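>>> Next comes the sequence, and after it the predicted model I'd like to discuss.
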Protein chains: 4
Amino acid sequence: MCRFLAYIGKPVLANDLLYRPQHSLIERQSLGAQEMSIPINGDGFGISWYDFELDDEPCQFRSVHPAWSDMNLRYLAKKIKTPQMFAHVRAATPGSLVEEINCHPFVHGRLSWMHNGMVGDFPKIRRALLRELNDKAYDAVQGSTDSEHLFGLFLNNLRDPTEPVTTDEMVEAMFAMFNDLNRLLLESDIRSHSYLNLCVSNGRSIVATRYTTNPRVQPASLYYMFGKEYVADDYRCYMIPDEGQSEAVVIASEPFTSVKSDWIKVTRNSMIIVDEDLTIRFADIELPFEKAEFVYQ
Amino acid sequence: MCRFLAYIGKPVLANDLLYRPQHSLIERQSLGAQEMSIPINGDGFGISWYDFELDDEPCQFRSVHPAWSDMNLRYLAKKIKTPQMFAHVRAATPGSLVEEINCHPFVHGRLSWMHNGMVGDFPKIRRALLRELNDKAYDAVQGSTDSEHLFGLFLNNLRDPTEPVTTDEMVEAMFAMFNDLNRLLLESDIRSHSYLNLCVSNGRSIVATRYTTNPRVQPASLYYMFGKEYVADDYRCYMIPDEGQSEAVVIASEPFTSVKSDWIKVTRNSMIIVDEDLTIRFADIELPFEKAEFVYQ
Amino acid sequence: MCRFLAYIGKPVLANDLLYRPQHSLIERQSLGAQEMSIPINGDGFGISWYDFELDDEPCQFRSVHPAWSDMNLRYLAKKIKTPQMFAHVRAATPGSLVEEINCHPFVHGRLSWMHNGMVGDFPKIRRALLRELNDKAYDAVQGSTDSEHLFGLFLNNLRDPTEPVTTDEMVEAMFAMFNDLNRLLLESDIRSHSYLNLCVSNGRSIVATRYTTNPRVQPASLYYMFGKEYVADDYRCYMIPDEGQSEAVVIASEPFTSVKSDWIKVTRNSMIIVDEDLTIRFADIELPFEKAEFVYQ
Amino acid sequence: MCRFLAYIGKPVLANDLLYRPQHSLIERQSLGAQEMSIPINGDGFGISWYDFELDDEPCQFRSVHPAWSDMNLRYLAKKIKTPQMFAHVRAATPGSLVEEINCHPFVHGRLSWMHNGMVGDFPKIRRALLRELNDKAYDAVQGSTDSEHLFGLFLNNLRDPTEPVTTDEMVEAMFAMFNDLNRLLLESDIRSHSYLNLCVSNGRSIVATRYTTNPRVQPASLYYMFGKEYVADDYRCYMIPDEGQSEAVVIASEPFTSVKSDWIKVTRNSMIIVDEDLTIRFADIELPFEKAEFVYQ
């Protein structure tokens, strides 16, 4: 499937997140992810980031090239210093199209969105899903991925996707999206399972999920770490522990630094919420998705 | 051939230089340059820029796509604020390869380089040119364009291309490059003419040339403007006049704002030098290139 | 907008159609179309062709690169010998995405489809159009262009788009598509005009249209020529006149050979039908599109 | 490094060689080569093939996209029927550039060339190698890979690389290339080892090598199989045994069919020669490369 990372906190150099870690997303996880059955993520990549000194909308840089050989990303990473960044390396669902518009993260208005996983039998619910969307959410969906259609469903649950969105509104819209998807899957009698590690940000807070409809397996891996500061020095990359309030939080598909003790696994079928002050809280995702008779194909 | 622009001065938003002007490099000159016989510049593009708060080396972003449709550039332009930027849209010499490594600007160490024009009968002098280069300059040439080989010849005339370079050293190396090229053309008895509008920067000063070996025609067009500040407001883009010292200088293949009176044409076969304090001076380029018997093919 | 050509008849080398003509689609019309207000067609290209010795489905080769610099096309053109070929150079509607899935020709089952023009205010009818489609036609639409959505509407008017289709079925489906589009435009009260030079083939016959809803201007140009054989010799490209039955027919946005007398203009708002035996017939397209109060925007 | 295959014999459909085999080059070996330490070959791909009914020069199709997701290749493979094909999936040497001109196979005149491996410390001998080349061989090298420079050195050992070349001339030029490379490596005191699985064809015969300068390890894997006909039926892909003279020969980095008994390993440091009548012979490659003091870095 895919691998991603999200950072929020003190401005950090993209290079320190993307290239310098021992098990870096761009040079290691794209070629040899460790916690996935298929370790190759060569079907494009993307990053999004915010610079609030300039404006409130994320910048997006995506490409269909494998991340590991992209020279533009290599240069850009040394010049991007940002308080909030998403990065994603893609392994396209077999048969799906590798086009720039299908690369994550997706952005709309002030929001960024990315996904690691898949919606079971997505083609069978696509039309029904699109029918539900208001025009703004509908027009926001430009490509053909299940991931971006979920983003459409999320946007559809916001008052107005082009307006500022609070942390709580993101949490509510995420839950509403899960409910809508659940209903659509049931209505179409879909029996393939879905894997829904999702991540959304307004630049100032992040909501992420680790979820699968399949009761017999674990969801795709998801970790987080937090501290006073994320540091990449000559020897290693690590998180300086905080005393009280965190000033840096990382969420990632798999640990990318060598200090394994920094990393905490996100619980199965739960939501992790990093608020504007970087406090972290969790919520369970409980849905009737998990019907015993579901058979993963 | 190509079109380019260079900016130096107060930090400016790339979007204000590249997209907002009425006759913008990215959306207008790439599709319909006005001062060239072939108006299409669709064979890739590139930008380079500096952010001295982070480091002294330029960032480079290049692509083989036509500039006018590139979504990454459109996003990036809104997030790059820089005191020195190069931008270039390319019309490849027919038969030459449209590859990312052949897109301008070229960067090496702390330097950026771009070219509008061509070296007459370049394939006939390529081997001789490369033979002259020291190993550092040789290794800096990665592609197959005449433009990047001229950059190699320029780097070959610096003490050490990986060290900081002053304005005067750039001027000297540029003159030396013209002399070397002149000699190479004469030695190979090349009778096709060359068009050499070149631009090099160390991020803090710029040296540019407007030159042709052909006595019967004008060199490709080259303009500059200077002032207190370059502004893109809701109505137009223009330069606020300075009182005394300039704080912003633009050099461009053709005027891209609608305020024509802001723009001054660079004299035929001369060099324009914008120093670290943004003072502008000129130098003649006089070379025995211009032999009457040369026949432009 | 775009430029295209279609060939049907005795097997011909793609190179003779695409590169050797004086005003060739790939090297001339892509850079300087003569019968369009905007002469640049640099937003990708594509070809489709049939080889009935192997199977009945078209081969498709598309790229987002400008046609004029694509080395793969240059090589392939010398190795493709085919009785039916489409070729298309694209000028994307401003703001639309330059992705491979948005390049013409589109293929589905045994059919190829291409379009020169635009649907007025297409975003306003897109959802309504998609709602009309049966699942097969819906799933055939993979990209976001108006052109491919028209193909969807055409497929929707066939019994089964994956089955063999006769010339007459193509003619009927084309008329039905015009009717459906007409209704959709009226229902949404669209007042922008549409330009619909369309071309569809099953490999053995071709149906093409030259049409605009705008009563005040001409549709985009469309020509045809026919004869015993299309020849590209050392001096020129031309059609050998036939004596009786034609064995080669070309339909093209603009004449690409220098023998202007070979070319005949297709009448305004009509359909040209080239049958399996290469007889050519015409039909008028008369629709209530052409309401006087329509204002072209 | 890379993986490749070469076919010669009765015309075969590319699809049967590239997509239908169980362990296919395009869909399996590109993502998970089995006989290499690094199993990913996602840095571009290419094919070359001949159609002697049209002309004597190979057609070339290359792309920087990963082979597994390329839709053009998927379509083309169903339309190419050819007596001689090369196919190559690339894993670029880290740091080297992923550009179309650096993708294998390379073609020149009537010849095709591909390489699996690397030249030890290539940057240190590049200038010396290029200095040896005559102008025709020099101009044939367009990119920056070690592989294409070896092709240049091979072409330099032909009387005239643009003229027809016999099997024996290819064998001689291959040996001469090994000798030249050996000398260049010794002159520059290179102590890194080289891996030289090379393959060259004139469309009617093939010369390939399996070689390493490193006495302590095996060269990269190389296999061949031969028979009356290569068949891809609904159940599997395999070679029908011949009775006497072969009519189909395959050389490949690793077996791609499930019938393992069809495949024979090429001996260490030897050359396999498939002549115009498809007889297969071998030759040893013995060179003073293999100095005991060499240290693989």
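Structure received.
>>> in chain A, which segments are predicted with low confidence?
A:1, A:31-34, A:36-39, A:93-96, A:288-297 (pLDDT under 70).
>>> got the residues of it near chain B?
Proximity of chain A to chain B (CB under 8 Å from any CB of the partner chain) is limited to residues A:13, A:49, A:51, A:54-55, A:57, A:59-63, A:71-72, A:75-76, A:78-79, A:81, A:100. (Glycine included, C-beta is placed from N, CA and C.)
>>> Quick check: PyMOL command selecting the buried ones in these.
Of these, the buried ones go into a single PyMOL selection, burial set by 16 or more other CB atoms under 10 Å in any protein chain shown:
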select buried, chain A and resi 13+49+51+57+59+60+61+62+63+71+72+75+76+78+79+81+100
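>>> In strands, which of the residues of chain A next to chain B fall?
A:13, A:49, A:59-63, A:81 (DSSP state E).
>>> Identify the farthest-apart pair in those.
The span of those, defined through CB to CB, is set by A:Ser63 and A:Lys81 at 21.0 Å.
>>> before we move on, the earlier item: and chain D, which of the ones in strands among the residues of chain A next to chain B reach it?
Answer for these near chain D: none qualify (CB under 8 Å from any CB).
>>> Tell me the one of the residues you listed nearest chain D?
The closest of those to chain D turns out to be A:Ser63 (CB to the nearest CB; 10.8 Å).
>>> where along the stretch 151-297 of chain A do the helices fall?
Listed in chain order, the helices of the stretch 151-297 of chain A (DSSP state H, counting those that start in this stretch) span A:167-187.
>>> What residue in it comes nearest to chain B?
A:Gly203 (12.4 Å).
>>> Could you report the neighbour count for the closest residue to that residue other than its chain neighbours?
Nearest non-adjacent residue to A:Gly203, counting by CB to CB, 6 or more residues apart in numbering or on different chains: A:Tyr50, 3.8 Å away. The burial count assigned to A:Tyr50 is 25, neighbours taken as other CB atoms under 10 Å in any protein chain shown.
>>> need the contact list for the residue of the stretch 151-297 of chain A closest to chain B.
By CB atoms under 8 Å, 6 or more residues apart in numbering or on different chains, A:Gly203 lies in contact with A:50, A:52, A:56, A:58, A:83-84, A:110, A:112.
>>> how much space between it and A:Thr82?
A:Gly203 is 9 Å from A:Thr82, where distance means CB to CB, to the nearest Å.
>>> overlap in contacts of those two?
In contact with both A:Gly203 and A:Thr82: A:Tyr50, using CB under 8 Å, 6+ apart.
>>> can you map out the strands along the stretch 101-250 of chain A?
For the stretch 101-250 of chain A, applying DSSP state E, counting those that start in this stretch gives strands covering A:106-108, A:111-118, A:195-201, A:206-210, A:223-227, A:229-232, A:237-240, A:248-252.
>>> Minimum distance to D:Tyr238: which of the ones you listed has it?
Nearest to D:Tyr238, of all the strands of the stretch 101-250 of chain A, is strand A:111-118, at 34.6 Å by CB to CB.
>>> what angle separates the closest one from strand A:195-201?
Angle of strand A:111-118 versus strand A:195-201, following axes from the mean of the first three to the mean of the last three CA atoms, to 10 degrees, is 170 degrees.
>>> For strand A:111-118, name the packing helices and strands.
The helices and strands touching strand A:111-118, judged by 3 or more CB pairs under 8 Å, 6 or more residues apart in numbering or on different chains; DSSP states H and E, are strand A:2-13, strand A:81-90, strand A:106-108, helix A:146-155, strand A:195-201.
>>> and the ones you listed as CSV, adding distance to A:Glu229?
Formatted as CSV, the helices and strands packed on strand A:111-118 follow (distance: least, CB to CB, whole Å):
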stretch, distance to A:Glu229
strand A:2-13, 6
strand A:81-90, 13
strand A:106-108, 27
helix A:146-155, 31
strand A:195-201, 20
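>>> Export the ones you listed as JSON lines, with columns for distance to chain C.
Shown next, in JSON lines, are the helices and strands packed on strand A:111-118 (distance: least, CB to the nearest CB, whole Å):
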{"stretch": "strand A:2-13", "distance to chain C": "20"}
{"stretch": "strand A:81-90", "distance to chain C": "15"}
{"stretch": "strand A:106-108", "distance to chain C": "13"}
{"stretch": "helix A:146-155", "distance to chain C": "12"}
{"stretch": "strand A:195-201", "distance to chain C": "23"}
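>>> Figure out which of the ones you listed is closest to D:Tyr223.
Evaluated over the helices and strands packed on strand A:111-118, closeness to D:Tyr223 peaks at strand A:81-90, with 32.7 Å, by CB to CB.
>>> tell me the contacts of A:Ala252?
A:3-6, A:25, A:222-224, A:263.
>>> and the closest residue to A:His108 other than its chain neighbours, how many neighbours does it have?
Closest residue in space to A:His108, ignoring its immediate chain neighbours: A:Ala140 at 4.7 Å, by CB to CB, 6+ apart. Close neighbours of A:Ala140, defined as other CB under 10 Å, add up to 22.
>>> Spatially, which residue comes closest to the residue in the stretch 1-150 of chain A that chain C sits nearest to, not counting chain neighbours?
Residue nearest to chain C within the stretch 1-150 of chain A: A:Glu99 (4.4 Å; CB to the nearest CB). Spatial nearest neighbour of A:Glu99, chain neighbours left out: C:Glu99 (4.4 Å); criterion: CB to CB, 6+ apart.
>>> Tell me if I'm right that that neighbour and A:Cys103 touch.
No: applying CB atoms under 8 Å, one finds C:Glu99 not in contact with A:Cys103, separated by 10.8 Å.
>>> what about stretch A:67-86, how long is it end to end?
End-to-end span of stretch A:67-86 (CA to CA, to the nearest Å): 14 Å.
>>> how much distance is there from it to the middle of the chain?
Here the centre of stretch A:67-86 is set off from its chain's centre by 17 Å, with CA atoms, centre = their mean, to the nearest Å.
>>> Which positions in the stretch 101-250 of chain A make contact with chain C?
Proximity of the stretch 101-250 of chain A to chain C, by CB under 8 Å from any CB, involves residues A:101, A:123, A:127, A:130-131, A:135, A:138-139, A:142, A:144.
>>> of all the residues you listed, which comes closest to chain D?
Once CB to the nearest CB is applied, the member of those that ends up nearest chain D is A:Ser144, at 13.1 Å.
>>> Among the residues of the stretch 101-250 of chain A next to chain C, which pair sits farthest apart?
A:Pro123 and A:Asp135 (23.0 Å).
>>> Between these two, which is the more surrounded one?
Shown here are A:Pro123 and A:Asp135; by other CB under 10 Å, A:Pro123 has more neighbours (13 against 10).
>>> Is it correct that that one is in contact with C:Gln142?
No: assessed by CB under 8 Å, A:Pro123 is found out of contact with C:Gln142, at 11.6 Å.
>>> follow-up on the earlier one: can you flag the buried ones in the residues of the stretch 101-250 of chain A next to chain C?
Among these, those buried by neighbour count (16+ other CB under 10 Å) are A:101, A:130, A:138-139, A:142, A:144.
>>> In helices only, show me those residues.
A:130, A:138-139 (DSSP state H).
>>> Any chance of these in CSV with distance to A:Gln218 as columns?
Shown next, in CSV, are those (distance: CB to CB, whole Å):
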residue, distance to A:Gln218
A:Leu130, 31
A:Tyr138, 34
A:Asp139, 36
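>>> closest to B:Gly152 among those residues?
So of those, ranked by how close each gets to B:Gly152 (CB to CB), first place is A:Asp139, at 48.8 Å.
>>> Please list all residues in contact with that closest one.
With contact set as CB under 8 Å, 6+ apart, A:Asp139 has these partners: C:Pro123.
>>> measure it to chain B for me?
A:Asp139 is 16 Å from chain B, where distance means CB to the nearest CB, to the nearest Å.
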